[in-house]
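J.: Predicted structure and sequence below. I'll ask about it afterward.
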Amino acid sequence: MNACPCGYWGAETPAHECTCSELKIEHYRSKISGPLLDRIDLQIEVPRIEYGQIIEKTAQLSSQEMKAQVEQARHIQLHRFQHASITFNSELSGKMLKQHCQLSMEAEQLLQKSFEILGLSVRAYDRILKIARTIADLDGSPQLAIPHLAEALQYRSLDKKSHSPTSSRQSTV
């Protein structure tokens, strides 16, 4: 979905500025309920890309390299859950979630602070841990670390915006 009805909020350029009022943005975003947003694991903003970025040649993973990384993460999960009734991190719940998503004290503090600031639900908390576990698997890391958790938190951008659209808007001005 767009960030606002006109589609330019957060991606303003001299040629295109957001014309929506804060009330209009809040009404637009309220069409998607919090419980529905909680069920969307990955929520990301896709910023406007300038022409120079499109033609810029930067080193990126090829499709083959990405495929190999995903297959390796899947192999890690298959091995981890070989004696369990589940196959993937997305299926973790309860005791298994705590067992396979243990956090260092620093990571726990980051998650606690994020939970309080963003007003996250228990469902969002569980999804963040599952995503962080998968990111760690993609990284080949047996332990969840702060970078894995921080990346997982970044995938909850709609939580940030839907929780407080007017304060988010003011912070970008």
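T.: Right, received. Where do you want to start?
J.: what's the burial count for residue 114?
T.: 20 (other C-beta atoms under 10 Å). All C-beta atoms are positioned from the backbone trio N, CA, C, and that covers glycine.
J.: what about it, distance to residue 76?
T.: From residue 114 across to residue 76, the span is 26 Å (C-beta to C-beta, to the nearest Å).
J.: Kindly report the same for residue 70.
T.: The spacing between residue 70 and residue 76, counted by C-beta to C-beta, is 11 Å.
J.: Of these two, give the one with the bigger neighbour count.
T.: Higher neighbour count among residue 70 and residue 76: residue 76, with 19 against 13, using other C-beta under 10 Å.
J.: excluding its backbone neighbours, what's nearest the residue nearest in space to the middle of the chain?
T.: The geometric centre of the chain, computed from its C-alpha atoms, lies nearest to residue 155 (C-alpha atoms, centre = their mean), at 1.0 Å. Nearest residue to residue 155, sequence neighbours excluded (C-beta to C-beta, 6 or more residues apart in numbering): residue 42, at 4.7 Å.
J.: wouldn't that neighbour be in contact with residue 154 here?
T.: No - assessed by C-beta atoms under 8 Å, residue 42 is found out of contact with residue 154, at 9.8 Å.
J.: Would you state the helices of the chain in chain order?
T.: 22-29, 34-38, 51-55, 63-80, 94-100, 105-118, 122-139, 146-154, 157-163, 165-172 (DSSP state H).
J.: Can you lay out these as TSV showing distance to residue 4 and mean pLDDT?
T.: What follows is the helices of the chain, written out as TSV (distance: least, C-beta to C-beta, whole Å; pLDDT from 0 to 100):
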stretch	distance to residue 4	mean pLDDT
helix 22-29	5	87
helix 34-38	16	74
helix 51-55	23	79
helix 63-80	32	95
helix 94-100	35	93
helix 105-118	20	91
helix 122-139	23	93
helix 146-154	21	94
helix 157-163	10	54
helix 165-172	9	40
